[in-house]
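Q: got a predicted structure here, sequence first:
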Amino acid sequence: MKMSADSSYILKNVIEKSCKQDKPGWKTDEYFELFAAQQTLKLRRFNLDPTEIESGIVGGGNDGGVDGFYLFVNRKFVREDTDPQIFKDQQLNFELVILQAKNTTSFEESVPQKLKDFAEQCLPMGSTLGSVQQKLFGESLLTAVKKFHDIYDLGLLKQPKLTIFYAHVSLGEQIDPKVDARRDLLVAKTREIFPTADVQYAYLTGTKLLTLFNQHPEQTIPLVTQDYFDSKLHERSGYVCLATLPDFYDFIADKDVLQEHLFEANVRAHAPDVKVNKGISTTLANPEQEDFWWLNNGITILASAVIYNDRKLHVTNPLVVNGLQTSYEIFNHFSAGASRDDKRTLLVRVIVIDAESATSDKIITATNSQTKIEAINLHATEQIQRHIEMALKTHDLYYDRRKNYYRNQGISIQKIVTIGSMAQAVAAIVLQQPDNARARPTTVAEKNYSALFSDKAPLAMYPKCAMVIKRVDSYLDGLDLERGEKLNLLFYVAMYSVCAALKSIRPNRKSIAGLHVDLLTDELLHNCYGKVLFHYKDLGGDDKVAKGPELVQRLKADLIKSFGGQKKKTKVKPK
């Protein structure tokens, strides 16, 4: 089947316009890797934010045929600073998504051939990932593979489940038999390495890419219930009902796949082996006992609208803000083949509310306060985070306190700032810790939260930090750097350039809040980049240097030489 001329034209325009909107400094071929990853992850029902998707792109020079590498453990995305110990004593379910994307109209035989080389050299648990692999594959890819090995080894005695999904992406439609033959060799080799793994190899054609691009999470989902109670207070509606366990399973699952976007506002992650979840699982497995809702606290859902019709609550934009553990156990129970004749019920309450309102945050916090939770998971609901969101909007930036909230509204990823990326920006620029910003993308906020997010800091500081990172990121895009090197330099150049623009070795929060980002001219950034690059290369020019303390120490010494003797700071231009 050949893609129609109209569809081909539409897809190419979608890719070109998306590139100009989301990554204006990228070449179309480079952006195609990111676009392909977005659609592949959507196919696998993973809902990552733009920063997370980009972190898995490992393509470029020395990529060994792998453009994207994503590791999920129990559906949780694993990044370079994820601590393997968080999965200790859990029954582990691994999924590797490995992709190669070609912005061409054909599926090339070399793709599965290169992926087979990668599988042979890197995937075996006994692989040392030593000098041979380092010559053939990039540092960021090998780091990701080692993380997989470390976590997989941790769960070996519990017989972890492993799925390896290879995605071969292009604009083409026809598959040559030779490519199929190479695919079969790759799949066979991978099964030889991991005999019990579920190994899949998918061709994502131009038609499939266009279909996935136009696919959005379902906005209105029906929840079957025989009866309900409703109330209205302060112009807000609430509904309480009992739903049978199979009907609730149908609400949270689509074609036997969990709809994970429903749980993005829930502050907990699922932990299969904790005592309470084992109790839920045991209760589900014994239908002859008491009704389920007698023994369970139930589910809380926020929604933008609810209509009752035909014995169903039609819930628009649902977010399960409490009850993730129960939901996951119910999903696991029925997806494993439990009887659909189960008549037991679950208590569900649905509250209709504006998702951006402070009340929604109060509900999320209150319904998640019954048991101990790490404080970092509740920060998104704090007042300081709401204030940052409002401050960013004055600069046409959108703060994703809840994952993909603005992305799902069609906002360009160029304008979106996640809590994690904000933490990295403030750590690099205000705390002058670019090494921590680079090395700990997901944990820097947890380790330095009070210093990063304080209501005593000028609110204008936060959009300025975000704007500086975006300005430096755009400048580095124009230098045609390898993606890994650009990431290694980004936070250092941001820190150094702010100091240079303000002529201060350690600008305070007030001066950063008053910074006019136009001061970061190409000339200034060129000079700062040159200084950072010199020391980076002199120390070895790799990930280890970017994540270690020596580079920032050298740059601070340079700043003292340049600005340490100045008694007066230059005046900051008004906003």
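A: Sure thing, it's come through. Source: prediction; values computed, not measured. Numbering: from 1, shown residues only.

Q: outline the domain layout of the chain.
A: The chain breaks down by automatic domain parsing into domains covering 5-213, 220-367, 382-563.

Q: which of these has the lowest average pLDDT?
A: The stretch with the lowest mean pLDDT among the domains of the chain is domain 220-367, at a mean of 83.

Q: for it, the distance to its chain's centre please.
A: The chain centre lies 24 Å from the centre of domain 220-367; the measure is Cα atoms, centre = their mean, to the nearest Å.

Q: same thing with stretch 394-404?
A: Counting by Cα atoms, centre = their mean, stretch 394-404 is centred 15 Å from the centre of its parent chain.

Q: residues of it that come out buried?
A: For stretch 394-404, burial by neighbour count (16 or more other Cβ atoms under 10 Å) applies to His395, Leu397, Tyr398, Tyr399, Asp400, Arg401, Arg402, Lys403, Asn404. Every residue, glycine included, has its C-beta placed from N, CA and C.

Q: let's have those residues in CSV, adding distance to Arg440 and secondary structure.
A: Shown next, in CSV, are those (distance: Cβ to Cβ, whole Å; DSSP: H, G, I helix; E, B strand; the rest coil):
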residue, distance to Arg440, secondary structure
His395, 26, coil
Leu397, 23, coil
Tyr398, 24, strand
Tyr399, 20, strand
Asp400, 19, strand
Arg401, 20, coil
Arg402, 22, coil
Lys403, 19, coil
Asn404, 22, coil
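
Q: closest to His261 out of those residues?
A: Closest approach between these and His261, by Cβ to Cβ: Asn404, at 7.4 Å.

Q: wait, that closest one touches Asp49, no?
A: Yes. Contact criterion Cβ atoms under 8 Å: Asn404 and Asp49 qualify, at 5.5 Å.

Q: surely Tyr228 is in contact with Val240?
A: Yes. Contact criterion Cβ under 8 Å: Tyr228 and Val240 qualify, at 6.6 Å.

Q: between those two, which is the more surrounded one?
A: Tyr228 (19 against 15; other Cβ atoms under 10 Å).

Q: burial check on the spatially closest residue to that one that is not a sequence neighbour, number of neighbours?
A: Excluding the flanking residues, the one nearest Tyr228 by Cβ to Cβ, 6 or more residues apart in numbering is Cys241, at 3.8 Å. For Cys241, the neighbour count with other Cβ under 10 Å is 20.

Q: the one 4 residues further on too?
A: Leu245 is flanked by 21 other residues according to other Cβ under 10 Å.

Q: contacts only, for it.
A: Contact partners of Leu245, counting by Cβ atoms under 8 Å, 6 or more residues apart in numbering, are Leu284, Phe292, Ile330, His333, Phe334, Asp342, Arg344, Thr345, Leu346.

Q: what strand or helix carries the third one?
A: To tie it back to what came earlier, the one meant is Ile330. helix 324-335 (DSSP states H and E).

Q: run through who's touching the helix or strand following that helix.
A: Heading C-terminal from helix 324-335, the first helix or strand you meet, by DSSP H and E, is strand 345-352. Residues from elsewhere that reach strand 345-352 (Cβ under 8 Å, 6+ apart): 223, 225, 236-245, 248, 291-293, 296-306, 313, 315, 318, 326, 330, 363.

Q: are any of those buried, and which?
A: For these, a burial check counting by 16+ other Cβ under 10 Å picks out 223, 225, 239, 241-245, 248, 292-293, 296, 298-303, 306, 313, 315, 318, 326, 330, 363.

Q: how about the strands in the stretch 301-450 of the chain?
A: Along the stretch 301-450 of the chain, the stretches classed as strands by DSSP state E, counting those that start in this stretch are 305-309, 312-316, 319-322, 345-352, 398-400, 416-418.

Q: to Leu142, which of those lies closest?
A: Checking the strands of the stretch 301-450 of the chain against Leu142 by Cβ to Cβ gives strand 416-418 as the closest, at 25.9 Å.

Q: the closest one pairs with which strands, parallel or anti?
A: Paired neighbours of strand 416-418 in the sheet (DSSP bridges): strand 398-400 (parallel).

Q: ok, and the most crowded of the contacts of Leu245?
A: Neighbour-wise, the contacts of Leu245 (other Cβ under 10 Å) top out at Ile330, 26 neighbours.

Q: my read: that residue touches Ala285, true?
A: No. Assessed by Cβ under 8 Å, Ile330 is found out of contact with Ala285, at 11.7 Å.

Q: show me where the stretch 151-300 of the chain has helices.
A: Ranges of helices in the stretch 151-300 of the chain, per DSSP state H, counting those that start in this stretch, are 177-193, 206-213, 245-252, 275-284.

Q: nearest to Tyr9, out of the ones you listed?
A: Judged by Cβ to Cβ, the one of those that comes nearest to Tyr9 is helix 206-213, at 10.6 Å.

Q: which helices and strands does that closest one pack with?
A: helix 5-22, helix 28-43 (3 or more Cβ pairs under 8 Å, 6 or more residues apart in numbering; DSSP states H and E).

Q: buried deepest among those, which one?
A: helix 28-43 (a mean of 21; mean count of other Cβ atoms under 10 Å).

Q: could you name the helices and strands sitting against that one?
A: Helix 28-43 is packed against helix 5-22, helix 50-55, strand 68-73, strand 93-102, strand 161-170, strand 198-204, helix 206-213, with contacts defined by 3+ Cβ pairs under 8 Å, 6+ apart.

Q: next, the angle helix 5-22 makes with it.
A: 100 degrees (axes from the mean of the first three to the mean of the last three Cα atoms, to 10 degrees).

Q: Gln91 is in what secondary structure piece?
A: Using DSSP H and E, Gln91 falls within no helix or strand.

Q: any idea how far it lies from Lys278?
A: 11 Å (Cβ to Cβ, to the nearest Å).

Q: go on, Phe229?
A: Remark: distance between Phe229 and Lys278 (Cβ to Cβ) = 32 Å.

Q: quick one, what contacts the nearest residue to Leu142 once chain neighbours are set aside?
A: Nearest residue to Leu142, sequence neighbours excluded (Cβ to Cβ, 6+ apart): Leu129, at 5.1 Å. Contacts for Leu129 (Cβ under 8 Å, 6+ apart) come out as Cys122, Leu142, Val145, Lys146.

Q: all set now, cheers.
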